[in-house]
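In: Pasting the sequence and the predicted model now:
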Amino acid sequence: GSESELWISRNGGGRWERVRSNLPTTVVSDILIHPRDNDLVVATHAHGVWVLDDVTSLAQLSEEVQGANLHLFDIRPATQYRLYSHKGSTGHKFFAAPNPPEGALVDYWLKSRAGEKEEVKITISDASGKTVRELKGSKEAGINRANWDLRHEPPVEPEPGAPGFFGPSRGPLVPPGTYTVKLSLGSWSASKPVVVEEDSRIGISEAERRQWYQACLDSAALWKQTDAANRKMSALRRQLTELQSTLEKDRQASAAVTSEVKKLAARVEEVARRLTIQRPLGFAGAPLADEPEPLLSRVRGFYSTVGGYTAPPTPQHAALLERLKKQAAAVDGEVKTIVEKNVPALNRLLLDNGLGRLDAGRR
(Lines give C-alpha, C1' and ligand atoms only; values in the text may rest on other atoms or scores of the structure.)
Protein backbone atom coordinates (compact mmCIF):
# COMPACT_ATOMS: atom_id res chain seq x y z
CA GLY A 1 0.00 0.00 0.00
CA SER A 2 2.97 2.33 0.26
CA GLU A 3 3.74 4.74 -2.56
CA SER A 4 6.85 4.39 -4.71
CA GLU A 5 8.36 5.89 -7.82
CA LEU A 6 10.11 4.35 -10.85
CA TRP A 7 13.07 6.20 -12.35
CA ILE A 8 14.90 5.27 -15.54
CA SER A 9 18.01 6.48 -17.35
CA ARG A 10 17.42 6.69 -21.09
CA ASN A 11 20.22 5.44 -23.37
CA GLY A 12 22.65 5.35 -20.47
CA GLY A 13 23.12 9.10 -20.65
CA GLY A 14 23.08 9.64 -16.91
CA ARG A 15 19.84 11.67 -17.02
CA TRP A 16 17.17 10.09 -14.86
CA GLU A 17 13.44 10.58 -15.42
CA ARG A 18 10.44 9.67 -13.31
CA VAL A 19 8.09 7.64 -15.50
CA ARG A 20 5.45 6.47 -13.05
CA SER A 21 4.50 6.73 -9.40
CA ASN A 22 2.22 4.90 -6.96
CA LEU A 23 3.59 1.49 -8.01
CA PRO A 24 3.04 -1.51 -5.70
CA THR A 25 6.19 -2.44 -3.81
CA THR A 26 7.78 -5.77 -2.95
CA VAL A 27 10.57 -6.19 -0.44
CA VAL A 28 13.62 -7.75 -2.13
CA SER A 29 15.75 -9.73 0.32
CA ASP A 30 18.61 -10.64 -1.99
CA ILE A 31 19.79 -10.38 -5.61
CA LEU A 32 22.22 -12.82 -7.18
CA ILE A 33 23.61 -13.44 -10.66
CA HIS A 34 24.12 -17.16 -10.96
CA PRO A 35 27.86 -17.80 -11.59
CA ARG A 36 27.24 -20.72 -13.99
CA ASP A 37 24.05 -19.86 -15.88
CA ASN A 38 24.24 -16.06 -15.71
CA ASP A 39 20.62 -15.93 -14.54
CA LEU A 40 19.40 -13.06 -12.39
CA VAL A 41 17.83 -14.45 -9.21
CA VAL A 42 15.72 -12.13 -7.05
CA ALA A 43 14.54 -13.29 -3.63
CA THR A 44 11.52 -11.43 -2.29
CA HIS A 45 9.96 -11.32 1.14
CA ALA A 46 6.91 -13.62 1.20
CA HIS A 47 6.53 -13.54 -2.61
CA GLY A 48 8.91 -16.33 -3.62
CA VAL A 49 11.90 -16.26 -5.95
CA TRP A 50 11.93 -14.63 -9.36
CA VAL A 51 14.43 -15.68 -12.05
CA LEU A 52 15.35 -13.85 -15.25
CA ASP A 53 16.99 -16.44 -17.49
CA ASP A 54 20.32 -15.33 -18.96
CA VAL A 55 21.06 -11.62 -18.47
CA THR A 56 23.87 -11.57 -21.04
CA SER A 57 21.94 -9.07 -23.14
CA LEU A 58 21.67 -6.63 -20.23
CA ALA A 59 25.37 -6.98 -19.42
CA GLN A 60 26.35 -6.35 -23.05
CA LEU A 61 23.91 -3.48 -23.68
CA SER A 62 26.54 -0.79 -24.19
CA GLU A 63 26.08 2.61 -25.80
CA GLU A 64 27.67 1.21 -28.95
CA VAL A 65 25.12 -1.62 -29.06
CA GLN A 66 22.21 0.77 -28.48
CA GLY A 67 23.42 2.90 -31.37
CA ALA A 68 23.46 -0.04 -33.78
CA ASN A 69 20.44 -0.84 -35.96
CA LEU A 70 20.77 -4.55 -35.17
CA HIS A 71 22.90 -6.52 -32.71
CA LEU A 72 23.03 -10.20 -31.76
CA PHE A 73 24.20 -10.92 -28.21
CA ASP A 74 26.41 -13.84 -27.19
CA ILE A 75 24.52 -17.11 -26.86
CA ARG A 76 25.25 -19.35 -23.92
CA PRO A 77 25.66 -23.13 -24.43
CA ALA A 78 22.38 -25.03 -24.71
CA THR A 79 21.74 -28.53 -23.36
CA GLN A 80 19.40 -31.10 -24.89
CA TYR A 81 17.71 -32.06 -21.65
CA ARG A 82 15.38 -35.06 -21.68
CA LEU A 83 12.45 -33.87 -19.59
CA TYR A 84 10.40 -36.25 -17.50
CA SER A 85 6.67 -35.56 -17.51
CA HIS A 86 5.18 -36.35 -14.11
CA LYS A 87 1.74 -34.87 -14.73
CA GLY A 88 0.07 -38.25 -14.91
CA SER A 89 0.20 -38.83 -11.16
CA THR A 90 -2.37 -37.44 -8.78
CA GLY A 91 -2.40 -36.51 -5.13
CA HIS A 92 -0.35 -34.03 -3.13
CA LYS A 93 2.58 -32.41 -4.96
CA PHE A 94 5.18 -29.85 -4.07
CA PHE A 95 5.10 -26.57 -5.93
CA ALA A 96 7.32 -26.43 -9.01
CA ALA A 97 7.76 -23.33 -11.16
CA PRO A 98 7.81 -23.54 -14.99
CA ASN A 99 11.08 -24.54 -16.63
CA PRO A 100 12.99 -21.89 -18.61
CA PRO A 101 12.47 -21.81 -22.39
CA GLU A 102 13.81 -24.98 -23.94
CA GLY A 103 17.01 -24.88 -25.98
CA ALA A 104 19.14 -21.93 -27.00
CA LEU A 105 18.09 -18.41 -25.99
CA VAL A 106 18.70 -15.98 -28.85
CA ASP A 107 18.68 -12.36 -27.64
CA TYR A 108 19.05 -9.46 -30.06
CA TRP A 109 18.70 -5.69 -30.18
CA LEU A 110 16.71 -3.63 -32.68
CA LYS A 111 17.17 0.13 -32.60
CA SER A 112 13.70 0.67 -34.04
CA ARG A 113 10.71 -1.47 -34.80
CA ALA A 114 10.87 -3.36 -38.09
CA GLY A 115 8.40 -2.39 -40.81
CA GLU A 116 5.22 -4.33 -41.48
CA LYS A 117 6.63 -5.88 -44.66
CA GLU A 118 10.04 -6.59 -43.10
CA GLU A 119 10.91 -9.90 -41.47
CA VAL A 120 13.36 -10.70 -38.71
CA LYS A 121 14.86 -14.03 -39.75
CA ILE A 122 16.90 -16.33 -37.51
CA THR A 123 18.79 -19.03 -39.42
CA ILE A 124 20.65 -21.87 -37.68
CA SER A 125 23.27 -23.77 -39.68
CA ASP A 126 25.63 -26.62 -38.82
CA ALA A 127 29.43 -26.75 -39.17
CA SER A 128 29.15 -27.53 -42.90
CA GLY A 129 26.96 -24.47 -43.48
CA LYS A 130 23.77 -26.48 -44.04
CA THR A 131 20.63 -24.84 -42.69
CA VAL A 132 18.94 -26.93 -40.00
CA ARG A 133 16.25 -24.47 -38.86
CA GLU A 134 14.71 -21.11 -39.69
CA LEU A 135 12.76 -19.05 -37.18
CA LYS A 136 10.95 -15.72 -37.23
CA GLY A 137 11.84 -13.19 -34.55
CA SER A 138 9.97 -10.34 -32.90
CA LYS A 139 10.07 -6.99 -34.70
CA GLU A 140 9.86 -4.79 -31.60
CA ALA A 141 12.42 -2.09 -30.79
CA GLY A 142 14.78 -2.88 -27.90
CA ILE A 143 15.87 -6.29 -26.60
CA ASN A 144 14.02 -9.23 -28.14
CA ARG A 145 14.27 -12.93 -27.38
CA ALA A 146 13.67 -16.05 -29.43
CA ASN A 147 14.50 -19.62 -28.54
CA TRP A 148 15.60 -22.53 -30.71
CA ASP A 149 14.55 -25.91 -29.35
CA LEU A 150 17.73 -27.57 -30.75
CA ARG A 151 15.72 -29.44 -33.36
CA HIS A 152 15.32 -29.60 -37.12
CA GLU A 153 12.19 -28.29 -38.81
CA PRO A 154 9.04 -30.25 -37.84
CA PRO A 155 8.21 -33.02 -40.36
CA VAL A 156 4.71 -31.69 -41.04
CA GLU A 157 2.83 -28.43 -40.75
CA PRO A 158 -0.01 -28.42 -38.21
CA GLU A 159 -3.51 -28.04 -39.53
CA PRO A 160 -4.89 -24.53 -38.86
CA GLY A 161 -6.56 -24.48 -35.46
CA ALA A 162 -5.78 -28.14 -34.80
CA PRO A 163 -2.43 -28.61 -33.01
CA GLY A 164 -3.26 -32.22 -32.19
CA PHE A 165 -3.76 -34.12 -28.94
CA PHE A 166 -0.05 -33.99 -28.03
CA GLY A 167 0.58 -30.55 -29.53
CA PRO A 168 2.28 -29.69 -32.83
CA SER A 169 4.91 -32.03 -34.24
CA ARG A 170 8.57 -31.43 -33.41
CA GLY A 171 11.62 -32.06 -35.55
CA PRO A 172 14.47 -34.46 -34.72
CA LEU A 173 17.13 -33.29 -32.26
CA VAL A 174 20.33 -32.06 -33.92
CA PRO A 175 23.63 -33.75 -32.96
CA PRO A 176 25.69 -32.02 -30.25
CA GLY A 177 28.25 -29.60 -31.66
CA THR A 178 28.79 -25.97 -32.59
CA TYR A 179 26.19 -24.23 -34.74
CA THR A 180 25.94 -20.74 -36.22
CA VAL A 181 22.99 -18.48 -35.52
CA LYS A 182 22.47 -15.74 -38.12
CA LEU A 183 20.11 -12.84 -37.47
CA SER A 184 19.02 -10.80 -40.48
CA LEU A 185 16.71 -7.87 -41.13
CA GLY A 186 16.84 -6.39 -44.60
CA SER A 187 20.48 -5.59 -45.42
CA TRP A 188 21.58 -5.88 -41.76
CA SER A 189 22.81 -9.17 -40.32
CA ALA A 190 24.86 -10.57 -37.46
CA SER A 191 26.08 -14.06 -36.54
CA LYS A 192 27.10 -15.82 -33.33
CA PRO A 193 28.12 -19.41 -32.51
CA VAL A 194 26.11 -21.58 -30.14
CA VAL A 195 27.32 -24.81 -28.57
CA VAL A 196 24.75 -27.61 -28.32
CA GLU A 197 25.52 -30.07 -25.52
CA GLU A 198 24.09 -33.50 -24.78
CA ASP A 199 22.27 -34.22 -21.54
CA SER A 200 24.96 -35.50 -19.18
CA ARG A 201 22.69 -38.38 -18.15
CA ILE A 202 22.69 -39.82 -21.70
CA GLY A 203 25.28 -42.52 -22.29
CA ILE A 204 25.69 -43.39 -25.96
CA SER A 205 28.66 -43.78 -28.29
CA GLU A 206 29.18 -41.53 -31.28
CA ALA A 207 28.53 -44.40 -33.71
CA GLU A 208 25.30 -45.36 -31.93
CA ARG A 209 24.17 -41.76 -31.87
CA ARG A 210 24.71 -41.45 -35.63
CA GLN A 211 22.55 -44.53 -36.19
CA TRP A 212 19.80 -43.13 -33.96
CA TYR A 213 20.02 -39.69 -35.60
CA GLN A 214 19.74 -41.19 -39.09
CA ALA A 215 16.71 -43.26 -38.04
CA CYS A 216 15.08 -40.08 -36.72
CA LEU A 217 15.78 -38.23 -39.98
CA ASP A 218 14.52 -41.15 -42.10
CA SER A 219 11.29 -41.49 -40.13
CA ALA A 220 10.74 -37.71 -40.22
CA ALA A 221 11.14 -37.71 -44.01
CA LEU A 222 8.78 -40.70 -44.25
CA TRP A 223 6.15 -38.89 -42.17
CA LYS A 224 6.48 -35.79 -44.35
CA GLN A 225 6.09 -37.88 -47.51
CA THR A 226 3.08 -39.79 -46.21
CA ASP A 227 1.42 -36.67 -44.80
CA ALA A 228 1.77 -34.89 -48.17
CA ALA A 229 0.14 -37.84 -49.94
CA ASN A 230 -2.68 -37.89 -47.39
CA ARG A 231 -3.34 -34.16 -47.78
CA LYS A 232 -3.59 -34.52 -51.55
CA MET A 233 -6.00 -37.44 -51.31
CA SER A 234 -8.09 -35.72 -48.63
CA ALA A 235 -8.38 -32.61 -50.80
CA LEU A 236 -9.39 -34.61 -53.87
CA ARG A 237 -11.80 -36.65 -51.77
CA ARG A 238 -13.62 -33.50 -50.63
CA GLN A 239 -13.71 -32.01 -54.12
CA LEU A 240 -15.00 -35.20 -55.70
CA THR A 241 -17.69 -35.55 -53.03
CA GLU A 242 -18.85 -31.99 -53.76
CA LEU A 243 -18.74 -32.64 -57.51
CA GLN A 244 -20.79 -35.83 -57.22
CA SER A 245 -23.38 -33.95 -55.18
CA THR A 246 -23.57 -31.30 -57.90
CA LEU A 247 -23.93 -33.88 -60.67
CA GLU A 248 -26.74 -35.64 -58.81
CA LYS A 249 -28.76 -32.41 -58.89
CA ASP A 250 -27.96 -31.69 -62.56
CA ARG A 251 -30.42 -33.51 -64.80
CA GLN A 252 -28.44 -32.47 -67.86
CA ALA A 253 -25.19 -34.00 -66.58
CA SER A 254 -23.42 -36.23 -69.06
CA ALA A 255 -23.44 -39.94 -68.25
CA ALA A 256 -19.79 -40.15 -69.30
CA VAL A 257 -18.84 -37.37 -66.88
CA THR A 258 -20.80 -38.94 -64.02
CA SER A 259 -19.18 -42.32 -64.68
CA GLU A 260 -15.62 -40.96 -64.78
CA VAL A 261 -16.12 -38.90 -61.63
CA LYS A 262 -17.50 -41.92 -59.81
CA LYS A 263 -14.59 -44.07 -61.00
CA LEU A 264 -11.94 -41.60 -59.84
CA ALA A 265 -13.76 -41.00 -56.54
CA ALA A 266 -13.67 -44.72 -55.81
CA ARG A 267 -9.95 -44.92 -56.53
CA VAL A 268 -9.16 -41.85 -54.42
CA GLU A 269 -11.27 -43.25 -51.60
CA GLU A 270 -9.37 -46.54 -51.67
CA VAL A 271 -5.96 -44.81 -51.51
CA ALA A 272 -7.15 -42.36 -48.86
CA ARG A 273 -8.37 -45.19 -46.64
CA ARG A 274 -4.99 -46.91 -46.92
CA LEU A 275 -3.38 -43.73 -45.64
CA THR A 276 -5.77 -42.94 -42.82
CA ILE A 277 -9.07 -44.23 -41.45
CA GLN A 278 -12.04 -41.88 -41.80
CA ARG A 279 -14.23 -42.65 -38.80
CA PRO A 280 -17.63 -41.11 -38.06
CA LEU A 281 -17.59 -38.10 -35.74
CA GLY A 282 -17.52 -39.23 -32.13
CA PHE A 283 -16.25 -42.75 -32.90
CA ALA A 284 -13.54 -43.67 -30.39
CA GLY A 285 -13.40 -47.44 -30.65
CA ALA A 286 -10.77 -49.77 -32.08
CA PRO A 287 -10.41 -50.11 -35.88
CA LEU A 288 -13.12 -52.23 -37.43
CA ALA A 289 -12.12 -55.67 -38.71
CA ASP A 290 -12.57 -54.78 -42.38
CA GLU A 291 -10.65 -51.53 -42.21
CA PRO A 292 -7.05 -51.44 -43.47
CA GLU A 293 -4.35 -50.51 -41.01
CA PRO A 294 -3.69 -46.81 -41.76
CA LEU A 295 -0.20 -46.08 -43.02
CA LEU A 296 -0.06 -42.49 -41.78
CA SER A 297 -0.69 -43.39 -38.14
CA ARG A 298 1.92 -46.18 -38.28
CA VAL A 299 4.53 -43.82 -39.74
CA ARG A 300 3.67 -41.14 -37.22
CA GLY A 301 3.83 -43.64 -34.38
CA PHE A 302 7.19 -44.95 -35.56
CA TYR A 303 8.64 -41.42 -35.65
CA SER A 304 7.38 -40.78 -32.12
CA THR A 305 8.78 -44.09 -30.86
CA VAL A 306 12.26 -43.66 -32.35
CA GLY A 307 12.49 -40.06 -31.19
CA GLY A 308 11.28 -40.95 -27.71
CA TYR A 309 14.52 -42.65 -26.64
CA THR A 310 18.24 -42.14 -27.32
CA ALA A 311 19.66 -45.39 -28.67
CA PRO A 312 20.33 -46.98 -32.06
CA PRO A 313 17.28 -48.63 -33.65
CA THR A 314 16.73 -52.27 -32.75
CA PRO A 315 16.71 -54.90 -35.54
CA GLN A 316 12.91 -54.93 -35.29
CA HIS A 317 12.77 -51.14 -35.69
CA ALA A 318 15.14 -51.24 -38.65
CA ALA A 319 13.05 -53.93 -40.36
CA LEU A 320 9.81 -52.02 -39.67
CA LEU A 321 11.30 -48.84 -41.10
CA GLU A 322 12.18 -50.60 -44.35
CA ARG A 323 8.66 -52.05 -44.62
CA LEU A 324 7.12 -48.64 -44.05
CA LYS A 325 9.38 -47.11 -46.69
CA LYS A 326 8.27 -49.69 -49.28
CA GLN A 327 4.59 -49.26 -48.42
CA ALA A 328 4.89 -45.48 -48.52
CA ALA A 329 6.67 -45.63 -51.89
CA ALA A 330 3.88 -47.81 -53.30
CA VAL A 331 1.15 -45.45 -52.08
CA ASP A 332 3.13 -42.44 -53.24
CA GLY A 333 3.34 -43.99 -56.72
CA GLU A 334 -0.45 -44.37 -56.84
CA VAL A 335 -0.95 -40.80 -55.63
CA LYS A 336 1.42 -39.56 -58.33
CA THR A 337 -0.51 -41.43 -61.01
CA ILE A 338 -3.81 -40.00 -59.77
CA VAL A 339 -2.49 -36.43 -59.57
CA GLU A 340 -0.44 -36.38 -62.77
CA LYS A 341 -2.55 -38.62 -65.02
CA ASN A 342 -6.10 -39.29 -63.80
CA VAL A 343 -6.95 -35.79 -62.55
CA PRO A 344 -5.76 -33.99 -65.72
CA ALA A 345 -7.74 -36.44 -67.85
CA LEU A 346 -10.91 -35.83 -65.82
CA ASN A 347 -10.30 -32.07 -65.83
CA ARG A 348 -10.31 -32.05 -69.63
CA LEU A 349 -13.67 -33.81 -69.59
CA LEU A 350 -15.05 -31.45 -66.95
CA LEU A 351 -13.91 -28.34 -68.83
CA ASP A 352 -15.47 -29.64 -72.07
CA ASN A 353 -18.77 -29.91 -70.19
CA GLY A 354 -18.47 -26.53 -68.42
CA LEU A 355 -17.98 -28.03 -64.95
CA GLY A 356 -14.74 -26.37 -63.91
CA ARG A 357 -11.80 -28.43 -62.75
CA LEU A 358 -10.28 -30.28 -59.79
CA ASP A 359 -7.30 -28.83 -57.96
CA ALA A 360 -4.94 -31.68 -57.09
CA GLY A 361 -2.71 -29.41 -55.05
CA ARG A 362 -5.43 -27.88 -52.88
CA ARG A 363 -5.77 -29.00 -49.28
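Out: Great, that's in hand.
In: which residues in the protein form strands?
Out: 5-9, 16-21, 28-33, 40-44, 49-52, 70-72, 78-80, 104-110, 121-125, 131-136, 142-148, 177-185, 188-198 (DSSP state E).
In: Check the offset of the fifth one from the chain's centre.
Out: Same thing as strand 49-52. 28 Å (Cα atoms, centre = their mean, to the nearest Å).
In: So which other helices or strands are in contact with that strand?
Out: strand 40-44 (3 or more Cβ pairs under 8 Å, 6 or more residues apart in numbering; DSSP states H and E). Placement of C-beta: from N, CA and C, glycine included.
In: could you give the angle of the strand it packs on to strand 28-33?
Out: If you take axes from the mean of the first three to the mean of the last three Cα atoms, to 10 degrees, strand 40-44 sits at 170 degrees to strand 28-33.
In: Low-confidence stretches in the stretch 201-350 of the chain?
Out: 277-292 (pLDDT under 70).
In: With the stretch 1-150 of the chain instead?
Out: In the stretch 1-150 of the chain (pLDDT under 70), the answer is 1-24, 84-96.
In: Counting neighbours, what do you get for the closest residue to residue 33 other than its chain neighbours?
Out: Nearest residue to residue 33, sequence neighbours excluded (Cβ to Cβ, 6 or more residues apart in numbering): residue 40, at 5.7 Å. By the criterion of other Cβ atoms under 10 Å, residue 40 has 17 neighbours.
In: tell me the contacts of residue 40?
Out: 31-34, 51-52, 55, 58 (Cβ atoms under 8 Å, 6 or more residues apart in numbering).
In: Same question for residue 223.
Out: Going by Cβ under 8 Å, 6+ apart, the list of residues near residue 223 reads 155-156, 169, 299-300, 303.
In: Just send the strands of the chain back as JSON lines, with distance to residue 218 too.
Out: Formatted as JSON lines, the strands of the chain follow (distance: least, Cβ to Cβ, whole Å):
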{"stretch": "strand 5-9", "distance to residue 218": "54"}
{"stretch": "strand 16-21", "distance to residue 218": "56"}
{"stretch": "strand 28-33", "distance to residue 218": "44"}
{"stretch": "strand 40-44", "distance to residue 218": "43"}
{"stretch": "strand 49-52", "distance to residue 218": "39"}
{"stretch": "strand 70-72", "distance to residue 218": "34"}
{"stretch": "strand 78-80", "distance to residue 218": "20"}
{"stretch": "strand 104-110", "distance to residue 218": "25"}
{"stretch": "strand 121-125", "distance to residue 218": "21"}
{"stretch": "strand 131-136", "distance to residue 218": "16"}
{"stretch": "strand 142-148", "distance to residue 218": "23"}
{"stretch": "strand 177-185", "distance to residue 218": "20"}
{"stretch": "strand 188-198", "distance to residue 218": "21"}
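In: ranking these by burial, who's on top?
Out: Scoring the strands of the chain by mean neighbour count under mean count of other Cβ atoms under 10 Å gives strand 104-110 as the most buried, with a mean of 23.
In: From the chain's centroid, how far away is it?
Out: 19 Å.
In: Contacts for that strand, please.
Out: 53-54, 56-57, 61, 65-66, 68-73, 75-76, 78, 120, 122, 135, 137, 139-148, 150, 181, 183, 185, 190, 194, 196.
In: is it true that residue 101 touches residue 147?
Out: Yes: contact criterion Cβ atoms under 8 Å: residue 101 and residue 147 qualify, at 4.1 Å.
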